[in-house]
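# Return atomic coordinates for the entry below.
(chains A, B, C and D)
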There are 2 protein chains.
Amino acid sequence: MSSAPPSSQETTPDLTARARIRDAAITRFADAGVDATSIRAIAADVGVSAGLVIHHFGSKDALRVACDQHVAALVRDRKQRAAAAGAGLDPVAALRDAGDGPPLLRYLARTLVDGSPHVAELVDELVEDAVDYLEQGVATGLITPSDDPRGRAVVLTLWSLGSLVLHEHVNRILGIDLTGDPRQLGAWAVPASEVLAKGVLPVELYARVRDAFDPNGSDGQDTSPSPRRADREDNER
Amino acid sequence: MSSAPPSSQETTPDLTARARIRDAAITRFADAGVDATSIRAIAADVGVSAGLVIHHFGSKDALRVACDQHVAALVRDRKQRAAAAGAGLDPVAALRDAGDGPPLLRYLARTLVDGSPHVAELVDELVEDAVDYLEQGVATGLITPSDDPRGRAVVLTLWSLGSLVLHEHVNRILGIDLTGDPRQLGAWAVPASEVLAKGVLPVELYARVRDAFDPNGSDGQDTSPSPRRADREDNER
DNA sequence: TGGGGTACTGAACAGGCGTATAGTTGGCTG
DNA sequence: CAGCCAACTATACGCCTGTTCAGTACCCCA
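Numbers count the residues shown, from 1 in each chain, chains lettered A, B, ... in the order given. Presented below is the predicted three-dimensional model:
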């Protein structure tokens, strides 16, 4: 398939037409979504014909898969780099656009909702990363221990990704761009860390919620619908 | 086309064709998104011609606006009802599908991302509701006071809506449906309320984040790229 | 020098889309 | 009863879509 003459698979400064098409597609998909983007529009961005896009990728769907995989690879690369430099609580922090490459975060914000298997895989990895990171934090005393470490990692990761997906609302309400410059994110990061540090609810309410879902002190059910009256305890999520 | 409205909005919705088209559109839009839904498909669901859809709504875009408005009205209705019965922390809790009407939550999860002005308005209202609710909770001692009540309300609301938008990922990872039966949401609600009650981070870290973004402590900057090492403080969101 | 393969173009095709339009039905009202 | 208007259908139009195909330019290897 790809002959790849320059043999160096790492980001060559001078991109092949195939790579330029892929990057243009990522940008268009990030801005308008996959459905609302035509192959001709992508081709026009790169200055080639629509036929060439098909020639290189076979179909629009295959192009979309290639974009997913490329973004996933870039994300994994940045994740690894960030982990080496000491990770943070926010899995998104390391992915903010450096301005050089395609708009990773905006692409993720779009594709997180319309179900690509590669992006789903990426989410799973981010959750596992969070599990590890939180576990290390608990070990060093920087993170509060949890009764459900994995559940907590899922919640924190999806809160983070969820607010990324809703970045347009954040921008409208707070006037900041979650996909942009981290130094201007105070209006979001400060109250978020306040919640994560000081908490919001009394601890007894957590105990009530936990007991309402967990019938008897120990663990137990997950498939059998217990006929308890847990209807009013679902106040938090 | 029985024009007789039997006023019983329960199990037998003897709706006008216009209302049936609107409801079918909401369901289709919720399931597949607006772009991926054709007017002919909606018409086929109701058993009418595509022309009738245009006859009643004028255009697909106007139909979409009508759906937005109708869903917004239903949401406001449920909000009000829930407020009368005593609100909870989760703004989404009151909106879970009762099975009778159109899939409100799934519709919201879809349209929250592709920018409808009516849904944006709804988000703003949910934020204001959260401001009020949190303020009341602080007054009665049920909620921890905040340095930034509005910012905190924004964060909590968008975390809630964001995880709703990512409900497919929650379902894949935890095996539960955030848009479905509240009694099966323990795997999400328990760790979420644990985080909101016990917190995750040491309080001193919140102070550090706050000081890093607040020019009060050191100097003031917002546009000038200061060479301070604030780059590492954006760990939380 | 010739041959082959790859990158690439421009035109064309079939299909689905939203929408306009003309026409038919049927109940209400004068 | 005639007349009218709203609900509704069938058809067709123009546009845009993803994709195909024949053909051209160019580079590498024998």
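
# next helix or strand past the biggest helix by length in chain A?
If you go by DSSP state H, chain A has its longest helix at helix A:60-84. Sequence-wise, the next helix or strand downstream of helix A:60-84 (DSSP states H and E) is helix A:104-111.

# contacting residues around that following helix?
For helix A:104-111, contacts defined as CB atoms under 8 Å, 6 or more residues apart in numbering or on different chains pick out A:26, A:29-31, A:33-34, A:67-68, A:71, A:74-75, A:78, A:92, A:95-97, A:119, A:122, A:161, A:164-165, A:167, A:178-179, B:113. Heads up, the C-betas are built off the backbone N, CA and C, glycines and all.

# ok and it relative to helix A:60-84, angle-wise?
Between helix A:104-111 and helix A:60-84, the angle comes out at 130 degrees (axes from the mean of the first three to the mean of the last three CA atoms, to 10 degrees).

# what comes up buried for helix A:104-111?
Residues of helix A:104-111 classed as buried: A:Leu104, A:Leu105, A:Arg106, A:Tyr107, A:Leu108, A:Ala109, A:Arg110, A:Thr111 (neighbour count, 16 or more other CB atoms under 10 Å in any protein chain shown).

# ok, A:Arg40 - how many residues close by?
A count of nearby residues for A:Arg40, using other CB atoms under 10 Å in any protein chain shown, gives 11.

# Could you look up the SS state of it?
Following DSSP: H, G, I helix; E, B strand; the rest coil, we place A:Arg40 in the helix state.

# quick one: contacts for it?
A:Ala50.

# tell me the pLDDT at it?
For A:Arg40, the model assigns a pLDDT of 98.

# That one and A:Asp61, how far apart?
16 Å (CB to CB, to the nearest Å).

# How about residues contacting stretch A:136-156?
By CB under 8 Å, 6+ apart, the residues outside stretch A:136-156 that reach it are A:89, A:127-128, A:130-131, A:134-135, A:210, B:163, B:170, B:173-174, B:187-188, B:190-192, B:194-195, B:198-202, B:205.

# Can you select the buried ones from those in ChimeraX?
The ChimeraX command for the buried members of these (criterion: 16+ other CB under 10 Å) is given here:
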select /A:89,127,130,131,134,210 /B:163,170,173,174,187,188,190,191,192,194,195,198,199,200,201,205
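
# got any ranges where chain A has weak pLDDT?
With pLDDT under 70 as the threshold, chain A has low-confidence stretches at A:1-14, A:87, A:215-237.

# Quick one: the helices in chain A, in order.
Going by DSSP H, chain A shows helices at A:17-32, A:39-46, A:50-57, A:60-84, A:104-111, A:117-139, A:149-165, A:167-174, A:186-198, A:203-213.

# Put together a markdown table for the ones you listed, with distance to B:His55 on each row.
Listed next are the helices of chain A as a markdown table, based on distance: least, CB to CB, whole Å:
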| stretch | distance to B:His55 |
| --- | --- |
| helix A:17-32 | 30 |
| helix A:39-46 | 32 |
| helix A:50-57 | 36 |
| helix A:60-84 | 33 |
| helix A:104-111 | 34 |
| helix A:117-139 | 40 |
| helix A:149-165 | 36 |
| helix A:167-174 | 33 |
| helix A:186-198 | 46 |
| helix A:203-213 | 49 |
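
# for the residue nearest to the spatial centre of chain A, what are its contacts?
Nearest to the mean C-alpha position of chain A, by CA atoms, centre = their mean, lies A:Leu161 at 4.6 Å. Applying CB under 8 Å, 6+ apart to A:Leu161 gives the contacts A:Pro91, A:Val92, A:Leu108, A:Leu112, A:Val123, A:Leu126, B:Gly162, B:Leu166, B:His169.

# ok, the last one - how many residues close by?
Look at B:His169: counted by other CB under 10 Å, it has 24 neighbours.

# next one: the second one
Burial of A:Val92, expressed as a neighbour count using other CB under 10 Å, amounts to 22.

# where's it relative to B:Val138, distance?
29 Å.

# circling back to that earlier point, quick one: the residue nearest to the centre of chain A and DNA strand C, what's the gap?
Separation of A:Leu161 from DNA strand C (CB to the nearest atom of the strand, to the nearest Å): 30 Å.

# ditto for A:Val200
43 Å.

# residue contacts, that residue?
B:Leu89, B:Leu134, B:Ile143, B:Thr144, B:Arg152, B:Leu156, B:Leu196, B:Ala197.

# repeat that with 10 Å
With contacts defined as CB atoms under 10 Å, 6 or more residues apart in numbering or on different chains, A:Val200 is in contact with A:194, A:236, B:89, B:134, B:137-138, B:142-146, B:152, B:155-156, B:193, B:195-197, B:199.

# now the residue lying closest to it once chain neighbours are set aside: how far from B:Arg208?
Closest residue to A:Val200 apart from its sequence neighbours, by CB to CB, 6 or more residues apart in numbering or on different chains: B:Leu196 at 4.6 Å. With the distance defined as CB to CB, B:Leu196 ends up 21 Å from B:Arg208.
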